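Student: structure for the following, please:
(2 chains)
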2 protein chains.
Amino acid sequence: MSLDREAPIGVFDSGVGGLTVAREIMRNLPQERIVYFGDTARVPYGSKSKETILRYSRQIIRFLRTQDVKAIVVACNTASALALEVVEQEFDIPIIGVIKPGAKVAVETTKNNRIGVIGTRATISSGLYPSLIAQRNPDISVFGCACPLFVPLVEEGWTKDPLTEEVARRYLKELQEKDVDTLILGCTHYPLLRSMIGRIMGSNVTLVNPAYETALALGRMLDAKGLRNTKDTCEEFPYRFYVSDAADRFKEFANSILPYDVEMTQQIRIEEY
Amino acid sequence: MSLDREAPIGVFDSGVGGLTVAREIMRNLPQERIVYFGDTARVPYGSKSKETILRYSRQIIRFLRTQDVKAIVVACNTASALALEVVEQEFDIPIIGVIKPGAKVAVETTKNNRIGVIGTRATISSGLYPSLIAQRNPDISVFGCACPLFVPLVEEGWTKDPLTEEVARRYLKELQEKDVDTLILGCTHYPLLRSMIGRIMGSNVTLVNPAYETALALGRMLDAKGLRNTKDTCEEFPYRFYVSDAADRFKEFANSILPYDVEMTQQIRIEEY
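Tutor: I've put the predicted structure just below:
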């Protein structure tokens, strides 16, 4: 049992974006070890089908189990939207995603009962945010908007660029007209555009980043299951990183996001799991 | 032997872009049957490593061989740049890519011996266009420029958008200053931005689309090997399409590019090959 508690948390994403979730877990649950997997050989997920995302998620969960993780965080909105409901039934291990925590905090935040959600095409068309919000409060109206260019713009490094701002203004125009007072950043790359999105939406709109709430939800879940690590880890760097494609660009991005330097990243053939 | 000649040509790409090459083969070699494969479950290739692109290309070639193709066209610049040299040694079937034909026509086109190349990050950093051009004429200077946002912008449908034009102006600025008179569109999506790129570069710059020259090179190769189909095909629609992810968006895009309506697309699990 004590071994279980000291086992790491598995965190996965289509690529580097989920590191923004891993970062919140590191900050809020500093005693937990983490095994992170980024599916850089098949990134992005946001334009792919449910069937494919489900197959990929199953392979990744099977890989993470080989690492003896005690719980899994689906740190990718698209995989949370398309695969979580199925895989949490299939696998005998606690799995949480980012969408339920994001929906929860948005419901707690809105005052005028009008919430906007931005995400990938797949996340938005899944309708999962609206349906989870409706379960909590059916009086809330939810307005979704897919922003497919945000991820490539972030990956190009144009996060403070006037061109990106113009793209964002165009995407967000409809949500502004809907008079939302809360906006869910429903893709792990979007927090990197946070200040720009905030400026465009205006100070009356609260931006919700599900990453922070996901870390808290993970903590509650570990407590409920008696899985929280209570010992200080004796490892100097209790985090391991795996990718499905070459590690160089991943490491560069990771080092820009994380408060640690990622020294080593291992590459695995994820399709063999 | 006659059976061989009537066998189809295998054409593959990371996704839909290679249809611009398939289209040229249909136009220029109307007697040839085609089996097209688009790796939509793992698209894009342009930001991935050589090792991964090589593994994907091998799987696709193994799949195409199960379709009894007589020759293979790598209709993807990234795979042509990173994998062709290896796979043409490994497989006992004629394989051609798009880069050698593109380099050839660019060398024939330039008058001031200054050629520009635009493509994905992987294609540009492979340095294959410059090295093939230098083999033909070492006096030619080649200037490469990666344009990672062009593919997502085309896939968003913003091909005639002022925002795309602004992105293009920024990417192309350096090449304009290099005074090139010939520009290779080194990614199969880029012909869809042809008029915009042409306007920005000006009428003194000739745009080279390797797709047309690739179809001609394929015809010459089939002739040389006695593999050209001389009979009229009796099939009404001698083209078959396979993808690794859901077929709907592929069909939509295919129907916008091809002079035929693609009725059926089959999905396969490419990682099993």
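
Student: just give the closest residue to residue A:194, not the sequence neighbours.
Tutor: Leaving aside its sequence neighbours, residue A:194 sits nearest to residue A:207 (CB to CB, 6 or more residues apart in numbering or on different chains; 6.1 Å). (Each C-beta comes from the backbone N, C-alpha and C, glycine too.)

Student: quick check, the one you found in a strand?
Tutor: Yes. Per DSSP: H, G, I helix; E, B strand; the rest coil, residue A:207 lies within a strand segment.

Student: that one against residue A:197, yeah?
Tutor: Yes. With contact defined as CB atoms under 8 Å, residue A:207 counts as touching residue A:197 (6.4 Å).

Student: chain B contacts on the stretch 101-250 of chain A?
Tutor: A:148-149, A:152-153, A:155-156, A:163, A:166-167, A:170, A:244-246, A:249 (CB under 8 Å from any CB of the partner chain).

Student: from those, which land in helices?
Tutor: Of these, the ones assigned to helices by DSSP state H are A:152, A:153, A:155, A:163, A:166, A:167, A:170, A:249.

Student: what's the neighbour count on residue A:224?
Tutor: Other residues lying near residue A:224 total 10 when counted by other CB atoms under 10 Å in any protein chain shown.

Student: quick check: the gap between it and chain B.
Tutor: In this view, residue A:224 and chain B are 36 Å apart by CB to the nearest CB, to the nearest Å.

Student: any idea how far that residue lies from residue A:96?
Tutor: Distance, residue A:224 to residue A:96, by CB to CB, to the nearest Å: 11 Å.

Student: ok so, going back, common neighbours of residue A:207 and residue A:197, please.
Tutor: A:183, A:185 (CB atoms under 8 Å, 6 or more residues apart in numbering or on different chains).

Student: coming back round to it: got a PyMOL select line for the buried ones in the residues of the stretch 101-250 of chain A next to chain B?
Tutor: Buried residues among those (16 or more other CB atoms under 10 Å in any protein chain shown), as a PyMOL selection:
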select buried, chain A and resi 148+149+152+153+155+156+167+244+245+246+249
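
Student: need the residues of the stretch 101-250 of chain A next to chain B in TSV with pLDDT, can you?
Tutor: Formatted as TSV, those follow (pLDDT from 0 to 100):
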residue	pLDDT
A:148	95
A:149	97
A:152	94
A:153	95
A:155	86
A:156	89
A:163	97
A:166	97
A:167	97
A:170	97
A:244	97
A:245	95
A:246	84
A:249	79
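
Student: report the mean confidence score over stretch A:107-117.
Tutor: Taken as a whole, stretch A:107-117 has an average pLDDT of 98.

Student: whoops, stretch A:68-84 was the one
Tutor: For stretch A:68-84, the mean per-residue pLDDT is 97.

Student: check whether it comes near chain B.
Tutor: No. Shown here: stretch A:68-84 not in contact with chain B (CB under 8 Å from any CB), separated by at least 11.5 Å.

Student: quick one: that stretch to chain centroid distance?
Tutor: With CA atoms, centre = their mean, to the nearest Å as the basis, stretch A:68-84 stands 8 Å off its chain's centre.

Student: so, low pLDDT: which residues of the stretch 1-150 of chain A?
Tutor: A:1-3 (pLDDT under 70).

Student: and residue A:10, what does it touch?
Tutor: A:34, A:35, A:37, A:61, A:64, A:65, A:67, A:69, A:71, A:72, A:73 are the contacts of residue A:10 under CB under 8 Å, 6+ apart.

Student: what about the fourth one, neighbour count?
Tutor: So the one you mean is residue A:61. 23.

Student: got it, and residue A:33?
Tutor: 19.

Student: in chain A, which spans are helices?
Tutor: Counting by DSSP H, one finds helices in chain A at the ranges A:2-6, A:19-28, A:50-66, A:77-82, A:84-90, A:99-109, A:121-126, A:128-136, A:150-155, A:162-177, A:194-201, A:210-224, A:248-257.

Student: can you add distance to residue B:6 and give the ones you listed back as a markdown table?
Tutor: A markdown table is the format used below for the helices of chain A (distance: least, CB to CB, whole Å):
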| stretch | distance to residue B:6 |
| --- | --- |
| helix A:2-6 | 63 |
| helix A:19-28 | 52 |
| helix A:50-66 | 34 |
| helix A:77-82 | 42 |
| helix A:84-90 | 44 |
| helix A:99-109 | 52 |
| helix A:121-126 | 41 |
| helix A:128-136 | 50 |
| helix A:150-155 | 42 |
| helix A:162-177 | 49 |
| helix A:194-201 | 57 |
| helix A:210-224 | 56 |
| helix A:248-257 | 45 |
